[in-house]
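Engineer: Model the structure of this input:
(chains A and B)
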Amino acid sequence: MTDATMADMAASGGQELKTSDGRSLKAALKASQSVERRRAFLLVLPLLALLVASFIIPIGQLVTRSVYNPEVASYLPETSSALSGWNGEGVPDEEVFAALAADMVVGAENRTIGRVAARINREMPGTRSMIMGLSRSAEELQPPYREAFLADDEGWGEQALWRFLKRETRIITPAYYLIATDLEYNAEGEIVQRPENYQVYRTLFWRTAWMSLTITALCVLLGYPIAHLLATQPLRIANILMILVLLPFWTSLLVRTSSWIVLLQQQGVINDMLVWLGVVTDSGRLRMIYNKTGTIIAMTHILLPFMILPLYSVMKTIPPSYMRAARSLGATQTYAFTRVYLPLTIPGLAAGVLLVFILAIGYYITPALVGGDSGIFISNLIASNMQSSLANLKLGAALATILLVLVMLFYFVFNKLIGVDRLKFG
Amino acid sequence: MTAENASQSRGANVRYENVQKSYDGETLVVKDLNIDIKRGEFLTMLGPSGSGKTTCLMMLAGFEPATNGEIFLNNAPINDVPPHKRGIGMVFQNYALFPHMTVAENLAFPLQVRKMSKADQEAKVKRALEMVELPTMGGRRPAQLSGGQQQRVAVARALVFEPDLVLMDEPLGALDKQLREQMQFEIKHIHESLGVTVVYVTHDQTEALVMSDRVAVFNDGVIQQLSPPDTLYESPRNSFVAQFIGENNKLDGKVESIDADYCSVRLTDGTQLKAEKVNVSSVGDLTTLSLRPERVETSGLDGMENVVRGHIEELIYLGDHIRVRMNIAGNPDFVVKVRNRSGEQKLKEGQELDVGWRASDCKALDHVQ
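Structural biologist: I've put the predicted structure just below:
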C-alpha cells in the first residue's frame, strides 16, 4: 500500500490529513503562511504601537483615575487602620487620635499633609485651615491626643468629619461617579440627591443626548435628498456637487463656526435681513446663537457630510431599474420609495446615523463657541473639569467614562437592532 | 391571427402614432415612429445600440415622455398616464429583482400594491412559480439563485398580476449561450399559452428570428423594416436590413437595364449580373447586391442566371458545412457555404471555382459604401 492511499484512508476515517512527506497538513499550511503572517503583523505594528500608546493606555488611565482615591489611605496609613475598628457612632476614641497625630508628624515632614487637607476640604469646606493649623504643631502634641485635638479646634469633634475620613480610607471610591450623576453621600454616609442648585450633570447628559438626536435627525432630513441627487446625477455634475459637499471639510472648524456667529447673531446677516423684510421688528430680533438653536444649526452643518457620504456610497449602487420595476408593477412613487428604495439604503443610513450621533454626543468646540450657557454639551463640562482653575480631574474622568460607556451602549443597541456588519461607511 | 381569436385573447394592442423623441433638443433619437402592434402579438424591436429601440420601449412603459406624437394602449392615449397606472408588465435587462425581498415577496409585490387578499396572493404566487418551473424557490433571495433562475423569476413577476402587455428589455443579455437558447423557447411558450402581447427589445438577431411574430428592425431612430422573420431574412427591403439580419454578401454595381421585377447590374470590375429589383428605381442608379451565402451553388450551375468564376482564398471547416471565402468580382470577402456531402470534390485554397446563383436570390438594394 502506498503512502498516498494510506493518507486517503486516514482522511476518510476522520483523522488528520497528512502531506506527502508525512507532516500534518494543518501544520504544513501554517508554516507555509508564517512569512506572510509575520509580514502583515510588521506592517500594522507601528499603528498598533501608536494606538496602545495614545489611545488604550490613556483611556485606561482615565478610567482608573475616576475611581482611584489614595489620599487618605496612603498619607494617613495609621489613622486608616485605626478607623477600621471604629463603629461610626459619636467621636472616635483615643487610639484613632493618636494614630492621626503620628500620621500628621510624618505628613508634615513629607509635605503630603497638604494634599490630604485639600481632598477633605473639597468635601467639607473650612477643614483645610483646621488640618494645616494643627499639622504645624503636630510634634508638640501630648497625650491624651483626643483632648489636645479638641482643644485646638472644636471641629475635630464632628461626627461627620470622621465618617467622611472612614469612607475615604477606601482606595477605590464611587464618589466621583455619584457627583457625575448629581448624587452624594450625606453625613450619615447614605447616597442621596445633591441639593438642587448643584444638580447640573444629569441635565447636561440628557441635553447632550436629545440635542445629538435632533442634530442626527436634521442631518438625515437634509442629507438624504442631497445624497440621492448626487447618486443620480451624471458623473460630471455629481463631481461638482460632491466638491460642494466636501468643501466644508477643507475649511477650518473654527472658521466655519465663527462664520455661523456672523450669520446668526442678533446684529448679524440673517437678523438684518429679517428686519429689512419686516418679518421681525428691530427690537424683536431673534436669538439664534449662544443657545441651543445656535448649537443645533452649526453642528448640523458641520456633521452633514458624515451623513451624506455613506448614504451616497450606498445609493450609487442601487440601479435605477429597481424603482422603475416597482413603478411598472403598479407602485406609486411613494410606495416604491418606502418599500424598495428606503430599505436598500438602510446600510448607508444606519452608518450615517451612527457616525453623526457618536460624533455629536462628544462634540466640544462648536457648543463651546456658539452654545452660550444653554447650548453647551457634557464634553464642555468635562473639559472645564480638566482645565479650569476649579479643575477636578477625577470628576472629569468620571464624566468622560460615563460618556464613553453611553456611546458603547448606544453602539451595542444599534448593533443589535441593525447589525453593524451590514453597514456601509463609504 | 384571425379576428375572432384576437378578441378572445387577453392581449392588448398598442399603437405608436408619429412618435418622436429627443433628449437634447438637437437630435432625434426616434424619428416619426408608427407601429400598430396587434393583440397577442410577439413583436421584437431589433437594432444596434443607439438605434432608438430601448427608448421606444421606455416611452411605452412610461419612463420616458414622448417629445411629440401619441402612444395608444387599447386605443386609449397613454402619454399622460403615469407608469404605475398603465398595468404593463416589464422584464428588465438585469432583472431588477428586489434584493431585500425573497422570491415570493418579489412576486407578491404587484399583488400587494393591488390590495389583493393574502390567500389570493399566495395562490397567484404559487401558480406563477409553477409556470416558470421554480415551485420550491419562493423562500430564497434573488442572490441565491442562478442567472437563469433569476431570469425566470423576473418573467414570473412581470406576469403574475396578469397584465395584457409585457415589455422585455434585452432580458436574456446576461445569460450564457445555451441558457439563452433554452429561455428563448420558454418565453415563446409562455407567450403562446397566455396570449399576452409581448414587446421585446434585443440586439441579437437570432433571438428576434426565433421568438417573434414580427420584427421591427431599427436603425437611426427609424424602423427600416417591419416584417415576419422569414420575410425579413429572405426579402430584406434595404441594405441595412440585409446586412444586419444573417450573413450577407455585398457586391457593388450600377443598374444597366430594368425588366419588370428584375434588373441587370454591371459590377465595378465589369461582370454583368441579373438581380431582383428591390430598392432601385431607374437605370444608372448605383446599387448594392445582397446575396445569402447558402444560396450560392458550386454544382448544378446549368441554367443559373448568374455564374461567376472566383478564386478560393480561405477554407474553414465547420463540420456540417465548409465556409469558403472567395474573391468574386473584386470582392475578397465573398462567402459561400458548401454543404459537407459525400462524393463532393475536394476544395483547395488557391483553386479557381465556378459559382452560381439564381436572380431571385440576389437582391438589388440601395447603394452603401
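Engineer: what residues go with each domain of the chain?
Structural biologist: Assuming you mean chain A. Domain ranges of chain A: A:72-166, A:201-422, per automatic domain parsing.
Engineer: if you could check chain B rather than the one you did, that'd help
Structural biologist: With domains defined by automatic domain parsing, chain B comprises B:3-239, B:247-366.
Engineer: among the domains of chain A, where is the model least confident on average?
Structural biologist: Among the domains of chain A, domain A:72-166 has the lowest mean pLDDT, at a mean of 86.
Engineer: and chain A, which residues reach chain B?
Structural biologist: Proximity of chain A to chain B, by CB under 8 Å from any CB of the partner chain, involves residues A:319, A:321-322, A:324-332, A:335-336, A:339-340, A:343-344. C-beta coordinates here come from the backbone N, C-alpha and C atoms, glycine included.
Engineer: for stretch B:324-334, which positions count as buried?
Structural biologist: B:324-326, B:328-329, B:331, B:334 (16 or more other CB atoms under 10 Å in any protein chain shown).
Engineer: Can you lay out the domains of chain A as TSV showing mean neighbour count?
Structural biologist: What follows is the domains of chain A, written out as TSV (neighbours: other CB atoms under 10 Å in any protein chain shown):
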stretch	mean neighbour count
domain A:72-166	17
domain A:201-422	18
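Engineer: In CSV: these, plus distance to A:Leu51.
Structural biologist: Output for those, formatted as CSV (distance: least, CB to CB, whole Å):
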stretch, distance to A:Leu51
domain A:72-166, 32
domain A:201-422, 16
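Engineer: For B:Ala61, which of those domains is the nearest?
Structural biologist: Closest approach to B:Ala61 among the domains of chain A (CB to CB): domain A:201-422, 5.9 Å.
Engineer: hang on, the earlier thing: identify those among the residues of chain A next to chain B that sit within helices.
Structural biologist: In this view, the residues of chain A next to chain B that belong to helices under DSSP state H are A:321-322, A:324-328, A:335-336, A:343-344.
Engineer: Closest one to A:Pro70 out of the residues you listed, please.
Structural biologist: Nearest to A:Pro70, judged by CB to CB, of these is A:Pro343 at 55.1 Å.
Engineer: still on that earlier bit, could you identify the most distant pair in the ones in helices among the residues of chain A next to chain B?
Structural biologist: Largest pairwise distance in these, by CB to CB, is 18.5 Å, between A:Ser328 and A:Pro343.
Engineer: give me the element residue 208 is part of.
Structural biologist: Went with chain A since none was named. Applying DSSP states H and E as the criterion places A:Thr208 in helix A:201-232.
Engineer: Chain B was what I was after
Structural biologist: When elements are assigned from DSSP H and E, B:Ala208 belongs to helix B:205-211.
Engineer: now B:Thr218, what's its secondary structure?
Structural biologist: Wrong residue type there; residue B:218 is Phe, not Thr. Following DSSP: H, G, I helix; E, B strand; the rest coil, we place B:Phe218 in the strand state.
Engineer: Check what pLDDT the closest residue to it other than its chain neighbours gets.
Structural biologist: Using CB to CB, 6 or more residues apart in numbering or on different chains and skipping residues adjacent in sequence, the residue nearest B:Phe218 is B:Gly47, 3.2 Å away. With respect to pLDDT, B:Gly47 scores 93.
Engineer: Likewise for A:Met1?
Structural biologist: At A:Met1, pLDDT is 43.
Engineer: which bits of the stretch 101-250 of chain B sit near chain A?
Structural biologist: B:109-110, B:113-114, B:157-158, B:161, B:167.
Engineer: Derive a PyMOL selection command for the buried subset of those residues.
Structural biologist: In PyMOL, a selection of the buried entries from those looks like this (16+ other CB under 10 Å):
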select buried, chain B and resi 109+110+113+157+158+161+167
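Engineer: In contact with A:Gly114, which residues?
Structural biologist: A:Met132 (CB atoms under 8 Å, 6 or more residues apart in numbering or on different chains).
Engineer: gap between it and chain B?
Structural biologist: Per CB to the nearest CB, to the nearest Å, A:Gly114 is found 66 Å from chain B.
Engineer: That residue in helix, strand or coil?
Structural biologist: Classification of A:Gly114 by three-state DSSP places it in helix.
Engineer: distance of it from A:Asn392?
Structural biologist: Counting by CB to CB, to the nearest Å, the separation of A:Gly114 from A:Asn392 is 17 Å.
Engineer: Kindly report the same for B:Gln243.
Structural biologist: Noted for B:Gln243: a distance of 88 Å to A:Asn392, by CB to CB.
Engineer: quick one: low-confidence ranges for chain B?
Structural biologist: Along chain B, the model assigns pLDDT under 70 to residues B:1-9.
Engineer: Make JSON lines from the ones in helices among the residues of chain A next to chain B and add distance to A:Ala397 to it.
Structural biologist: Putting these into JSON lines (distance: CB to CB, whole Å) gives the following:
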{"residue": "A:Ser321", "distance to A:Ala397": "55"}
{"residue": "A:Tyr322", "distance to A:Ala397": "50"}
{"residue": "A:Arg324", "distance to A:Ala397": "56"}
{"residue": "A:Ala325", "distance to A:Ala397": "56"}
{"residue": "A:Ala326", "distance to A:Ala397": "53"}
{"residue": "A:Arg327", "distance to A:Ala397": "57"}
{"residue": "A:Ser328", "distance to A:Ala397": "60"}
{"residue": "A:Tyr335", "distance to A:Ala397": "52"}
{"residue": "A:Ala336", "distance to A:Ala397": "52"}
{"residue": "A:Pro343", "distance to A:Ala397": "43"}
{"residue": "A:Leu344", "distance to A:Ala397": "43"}
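Engineer: Beyond the strand or helix carrying B:Val336, next helix or strand please.
Structural biologist: According to DSSP H and E, B:Val336 maps onto strand B:331-339. Where DSSP H and E defines the elements, the next helix or strand beyond strand B:331-339 is strand B:352-357.
Engineer: Can you pull the phi and psi angles for B:Asp32?
Structural biologist: In terms of degrees, to the nearest 10, the main-chain angles of B:Asp32 are phi 50, psi 70.
Engineer: still on that earlier bit, which secondary structure elements does the helix holding A:Thr208 sit against?
Structural biologist: With contacts taken as 3 or more CB pairs under 8 Å, 6 or more residues apart in numbering or on different chains; DSSP states H and E, helix A:201-232 sits against helix A:235-250, helix A:292-315, helix A:342-361, helix A:378-387, helix A:393-417.
Engineer: how about 7 Å then?
Structural biologist: Secondary-structure packing of helix A:201-232 (3 or more CB pairs under 7 Å, 6 or more residues apart in numbering or on different chains; DSSP states H and E): helix A:235-250, helix A:292-315, helix A:342-361, helix A:378-387.
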